[in-house]
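Engineer: sequence and computational prediction follow.
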Amino acid sequence: MRAYKAYCLAACLWAAANLPSALHAAGVKAGHSLAVEHCRRCHVIPGESNMGIGSTPSFKIMVQSPAKDWRDKFEAFFSLPPHPNFVRIKEFRAPPKAPAVVAPIVLGLNDVEDLMAYVDDLARQLRKQ
Ligand code: HEC
């Protein structure tokens, strides 16, 4: 019985120590997939061979921006033009402001969190270089 308890304690301590980083890694991966699926249509995503759209800033340029508000812009990207035309956040009921001229992107706030995990990770990697 005592050994079992010790095992439980060890398992819990292990989980407590490792779960946050495992969850974070899962968020980074999910965010990367979301960026590839939805944002790559217009933005250049590092490591993904795509051309992007000329007038659209690449993710690399944005996360390396010396301006301190680049994270705020990512967190609120769905409210910044041109995104309100085609991005809908499930938790916010308001429909897009204008008729969608491109296929709509529907995301949850959890998806935005995953995107943030991905761009934070990207910023860390790119700023190391
Ligand atoms: C249909 C094309 C298109 C898609 C799809 C798209 N974007 Fe953009 N995005 C743009 C354009 C164009 C700009 C530049 C707007 C400007 O300079 O005013 C931009 C700018 C941004 C900015 C900077 C905003 C600012 O005001 O500086 C962020 C952050 C961003 N996009 C995030 C995303 C994310 C995250 C996705 C995917 C979930 C995404 N975008 C999908 C076209 C797109």
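Structural biologist: Here it is on my side, so go on.
Engineer: quick one, helices of this structure?
Structural biologist: 2-34, 59-63, 70-75, 109-128 (DSSP state H).
Engineer: please identify the deepest-packed of those helices.
Structural biologist: helix 59-63 (a mean of 18; mean count of other C-beta atoms under 10 Å). In short, each C-beta sits where N, CA and C put it, glycine included.
Engineer: which strands and helices sit next to that one?
Structural biologist: Using 3 or more C-beta pairs under 8 Å, 6 or more residues apart in numbering; DSSP states H and E as the contact test, the elements touching helix 59-63 are helix 70-75, helix 109-128.
Engineer: need the residues that contact that helix.
Structural biologist: 35, 39, 43-46, 70, 73-74, 119, 122-123, 126 (C-beta atoms under 8 Å, 6 or more residues apart in numbering).
Engineer: can you put those residues in JSON lines and add pLDDT and distance to the ligand?
Structural biologist: Output for those, formatted as JSON lines (pLDDT from 0 to 100; distance: C-beta to the nearest ligand atom, whole Å):
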{"residue": "35", "pLDDT": "96", "distance to the ligand": "6"}
{"residue": "39", "pLDDT": "94", "distance to the ligand": "3"}
{"residue": "43", "pLDDT": "93", "distance to the ligand": "5"}
{"residue": "44", "pLDDT": "92", "distance to the ligand": "11"}
{"residue": "45", "pLDDT": "91", "distance to the ligand": "9"}
{"residue": "46", "pLDDT": "89", "distance to the ligand": "13"}
{"residue": "70", "pLDDT": "94", "distance to the ligand": "7"}
{"residue": "73", "pLDDT": "96", "distance to the ligand": "4"}
{"residue": "74", "pLDDT": "96", "distance to the ligand": "4"}
{"residue": "119", "pLDDT": "95", "distance to the ligand": "8"}
{"residue": "122", "pLDDT": "94", "distance to the ligand": "11"}
{"residue": "123", "pLDDT": "94", "distance to the ligand": "12"}
{"residue": "126", "pLDDT": "89", "distance to the ligand": "15"}
